[in-house]
Structures are given as C-alpha cells and as structure tokens.
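K.L.:
predicted model follows, preceded by the sequence.
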Amino acid sequence: VQLQASGGGLVQAGGSLRLSCVASGRYAMGWFRQAPGKDRVFVATITWSDSNTYYSDSVTGRFTISRDNAKNTVYLQMNSLKPEDTAVYYCAAAIRTSGGVHPWEFDTWGQGTQVTVSS
C-alpha cells in the first residue's frame with residue numbers, strides 16, 4: 001500500500017488548507033505532523049468502519065478529518081491556521097496495527113507535505 005499526501009502550501013495565519021491522502025483499503029487513518037527539530041506528533045485519526053474521529057487538543061475545533069471511501073481518500077481540512085501549525089504533515093495507515101494516537105500505532109506512511117503558516 002502506498003500513501004500519497006498532497007495539499008500543503010504557504011498560507012497566512014487565519015487561512016485554510018485541505019490536505020488529501022489517497023490510500024486504498026479498509027484501514028484506520030491518521031494525520032501526524034513534525035516541526036523542525038521536534039518529534040512527530042498526532043493530529044487526527046479516523047476509523048474505517050464507522051468514521052469515528054479523534055483530534056489532538058491543539059487542533060480540536062479548527063481541523064476536521066474525513067474520508068471518502070469511494071475515492072479512497074482521507075482529508076484534513078485545516079481552518080484558522082496558526083504559525084505554530086507549521087510542519088510537515090504525514091498521513092498514515094494502520095494496516096497491520098490497530099491505529100491510535102501514537103506514530104508506532106501506524107505501520108504505513110506517506111511522504112509528507114509541507115504546511116507553512118505565516119504570521
């Protein structure tokens with residue numbers, strides 16, 4: 001399984017971006033981000049079966065994860081962006097794992113897409 005993430009870019013604070021990740025299969029999916037010099041951290045996750053979602057405290061109310069199973073695509077809609085949201089964003093799939101909120105709970109990763117929020 002290959003994951004292909006896209007949609008990153010440069011946006012001013014308060015703006016919006018939508019990230020996409022194409023991944024075929026019935027997996028829980030997650031978005032993580034990694035800022036320069038920092039660890040990769042959890043952003044959001046969505047299950048396959050019932051599309052339950054869960055978010056980190058830092059993005060709750062601003063970001064929305066969703067999936068279109070017919071298009072094999074998972075989205076991360078990011079609104080009210082802040083400079084501290086600047087990072088490389090990665091999508092991840094839990095193919096042989098159960099998924100969760102930690103990077104080690106996902107076993108397949110996309111290449112990452114850069115999101116830069118200017119102040």
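P.N.:
On my side now, so go ahead. Treat the numbers as computed from the prediction; the structure is a model and nothing was measured.

K.L.:
dump the residue contacts of residue 51.
P.N.:
When contacts are counted by Cβ atoms under 8 Å, 6 or more residues apart in numbering, residue 51 touches 66, 67. The C-beta positions use only the backbone N, C-alpha and C, and glycine is treated the same way.

K.L.:
quick check: it vs residue 116, distance?
P.N.:
29 Å (Cβ to Cβ, to the nearest Å).

K.L.:
repeat that for residue 18.
P.N.:
15 Å.

K.L.:
correct me if wrong: residue 22 contacts residue 4.
P.N.:
Yes: between residue 22 and residue 4 there is a contact at 4.7 Å, judged by Cβ atoms under 8 Å.

K.L.:
not counting sequence-adjacent ones, nearest residue to the one residue sitting closest to the centre of the chain?
P.N.:
Centroid-nearest residue in the chain: residue 31, 2.3 Å away (criterion: Cα atoms, centre = their mean). Leaving aside its chain neighbours, residue 31 sits nearest to residue 43 (4.3 Å; criterion: Cβ to Cβ, 6 or more residues apart in numbering).

K.L.:
also residue 54?
P.N.:
In this structure, residue 54 finds its nearest non-sequential neighbour in residue 45, 5.3 Å apart by Cβ to Cβ, 6+ apart.

K.L.:
buried residues in the strand or helix carrying that neighbour, which are they?
P.N.:
Using DSSP states H and E, residue 45 sits within strand 40-46. If you call a residue buried by 16 or more other Cβ atoms under 10 Å, then strand 40-46 has these buried ones: 40, 42, 43, 44, 45, 46.
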